[in-house]
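Enquirer: Please work out how this folds:
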Amino acid sequence: MKIEDCEVGMKVIRRKRGKTRALKEGGKYTIKRIYKNSIWIKENPGVKYLPKYFEPVNKFEVGDEVIYNCPNGIKYESIIFGIKDRQYAIKYTHKTIEHYDVVKERQLSPLKKKDELEVGDKFIFSDSKVKIEGVSFDEFEEIKVYLGKRLSDGMVFKFREHEIDEIIYD
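Expert: As a prediction, the model looks like this:
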């Protein structure tokens, strides 16, 4: 890997052994700092390393369902069917036609699950669009509870994660 490919917070995997044995070969680490031609690793902050001993870790795997953030501003639910050099081969549907594309990692977002929604996210509940205004956790039922405002009339309701029909990605 080259220094130009490095980013703070990026996950990397140790491929080659250098002089130090503090980081094991094949281990996954996080870049904490970049300065000139060296990187510092969060898990061993006192030592600088050369990036040539590391390779980037892919954020997604083959078979993962993701959101493709198309350059035209539209978001598509997609599935990854191939990976090479941090580029992903994806399949998505637009107007009932299947499309295939190769995209960079920064154009993809993980698909949210019903128990991972945050304030501002939107979903569909029995044919109504709802925007989440608050999030809490019901300790008795051990389930997330959302306070949502129905967009059609502004009424506020309490929703449990199993009551969500579909998550809206806009």
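Enquirer: Could you list the low-confidence segments of the chain?
Expert: 16-21, 170 (pLDDT under 70).
Enquirer: what domains does the record give for the chain?
Expert: For the chain, automatic domain parsing gives the domain ranges 3-56, 65-110, 114-168.
Enquirer: and those as TSV, adding mean neighbour count?
Expert: In this view, the C-beta of every residue, glycine as well, is placed from N, C-alpha and C. Converted to TSV, those look like this (neighbours: other Cβ atoms under 10 Å):
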stretch	mean neighbour count
domain 3-56	14
domain 65-110	14
domain 114-168	14
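Enquirer: gap between the residue nearest the centre of the chain and E139?
Expert: In the chain, the residue lying closest to the centroid (Cα atoms, centre = their mean) is P110, at 3.7 Å. Relative to E139, P110 is positioned 27 Å away (Cβ to Cβ, to the nearest Å).
Enquirer: follow-up on the earlier one: if I pick the residue nearest to the centre of the chain, what's in contact with it?
Expert: F60, D64, V66, I67 (Cβ atoms under 8 Å, 6 or more residues apart in numbering).
Enquirer: Tell me the one of those nearest K28?
Expert: F60 (14.8 Å; Cβ to Cβ).
Enquirer: Let's verify that closest one: helix, strand, or coil?
Expert: Secondary structure for F60, judged by DSSP: H, G, I helix; E, B strand; the rest coil, is coil.
Enquirer: Report the separation between the closest residue to it other than its chain neighbours and I167.
Expert: The shortest distance from F60 to any residue other than its chain neighbours is 5.5 Å, reached at I80 (Cβ to Cβ, 6 or more residues apart in numbering). From I80 across to I167, the span is 19 Å (Cβ to Cβ).
Enquirer: And T30, by the same measure?
Expert: For T30 relative to I167 (Cβ to Cβ), the value is 29 Å.
Enquirer: coming back round to it: correct me if wrong: the residue nearest to F60 contacts I67.
Expert: No - with contacts counted by Cβ atoms under 8 Å, I80 stays clear of I67, the gap being 11.5 Å.
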